[in-house]
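> Have a look at this prediction, sequence included:
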Amino acid sequence: MITALYIVMLGPPGAGKGTQAKKLAQELGLVHVSTGDLFRENLVNETELGKLAQTFMNKGELVPDDVTVRMVEERLSRPDCEKGAVLDGFPRTPAQAKALDDLLQSMGSAVKVVPYVKVPDDILVERLSGRWMSQSGRVYHEKYNPPIVKWIDDIDGSQLYQRDDDKPETVCHRIVVYNDQTAPLIAYFREKGILVEIDGTQSIDDVFEDIKVAVEEAS
Ligand code: ADP
Ligand code: AMP
């Protein structure tokens, strides 16, 4: 039997979870499952889920656990997740962490390693306020990871945009929400012995090297 590999990227908003999750998923041949991206896709497609999620996302609040967990269960049950997944932005509350444990257990699996990308608050604000996104979810930074042509996606030439929730007032609230609701997961995963602290203030490439070592040592 092939054991599936599930990796959870943990860290505050703007730490670089999405950037690293994409690279890691590509390196390992796994699917990148970002709950934020899934909600944004639903929003663009104007689904009921998207409309509901938007009311929370615009305020920098978390979408309710039951809705989020159902969406993740559906996503992880698809055939492309058979070998595992790099989870990004999920779990974000103790209830979501428990739901993920139960789900993976029912599939005869478990989270293997949790790279916890640590970045101080002042750097988070700078990263989020300079973040530029493509419609297909590619992530740039005006200063640290700029596209070749300003505001244009390198790959498909489409216009980049700034997320509504990356505006300064929402950013600060999202960091508060993270400290309040998500930070308890650091202890949760540490107690399970699967948390690895990563210095997220390094360059994108150096952070990636540290994450690869963490995953190799866990596998
Ligand atoms: P998260 O998914 O944790 O919210 P992102 O991966 O979207 O974070 O990164 C937030 C912003 O910071 C993006 O604009 C990204 O290009 C930039 N970024 C990511 N990692 C680094 C890094 N190590 N150094 C500088 N900027 C980074
Ligand atoms: P992200 O792209 O990870 O920064 O997420 C953007 C927004 O989507 C968050 O601020 C939340 O409103 C919502 N969201 C993403 N993931 C979750 C989650 N696991 N639980 C609840 N809300 C989430």
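Received the coordinates, thanks. Numbering: from 1, shown residues only. Ligands and ions are numbered 1, 2, ... in the order given.

> Enumerate every residue touching the residue lying closest to residue 120 once chain neighbours are set aside.
Counting by CB to CB, 6 or more residues apart in numbering, the nearest residue to residue 120 once its immediate chain neighbours are dropped is residue 201, at 7.3 Å. Heads up, the C-betas are built off the backbone N, CA and C, glycines and all. Residue 201 makes contacts with 118-120, 123, as judged by CB atoms under 8 Å, 6 or more residues apart in numbering.

> so what pLDDT did residue 201 get?
The score at residue 201 is 98. That number is its pLDDT.

> thinking again about what came up before, from the contacts of residue 201, pick the one nearest residue 103.
Lowest distance from residue 103 to the contacts of residue 201 (CB to CB) belongs to residue 118, with 26.9 Å.

> Now the closest one: closest residue in space, sequence neighbours ignored.
residue 200 (5.4 Å).

> Output the helix or strand hosting residue 189 as CSV, nothing but the C-alphas.
For residue 189, the host element (DSSP states H and E) is helix 184-191. Output for helix 184-191, consisting of C-alpha atoms alone and laid out as CSV, is shown next (Å, rounded to 0.1, in the frame of the first residue of the first chain):
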residue,chain,number,x,y,z
PRO,A,184,-3.2,27.5,19.4
LEU,A,185,-2.5,25.0,16.6
ILE,A,186,1.2,25.6,17.1
ALA,A,187,1.0,23.8,20.5
TYR,A,188,-1.5,21.2,19.1
PHE,A,189,0.9,20.1,16.4
ARG,A,190,4.0,20.4,18.6
GLU,A,191,2.5,18.0,21.1
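
> Show me what that helix packs onto, helices and strands only.
Under the contact criterion of 3 or more CB pairs under 8 Å, 6 or more residues apart in numbering; DSSP states H and E, helix 184-191 touches helix 94-106, strand 111-118.

> 7 Å instead?
helix 94-106 (3 or more CB pairs under 7 Å, 6 or more residues apart in numbering; DSSP states H and E).

> got the angle between the helix it packs on and helix 184-191?
Counting by axes from the mean of the first three to the mean of the last three CA atoms, to 10 degrees, helix 94-106 lies at 40 degrees to helix 184-191.

> tell me the angle helix 94-106 makes with strand 111-118.
Note on geometry: by the same axes, to 10 degrees, helix 94-106 and strand 111-118 are set 150 degrees apart in direction.
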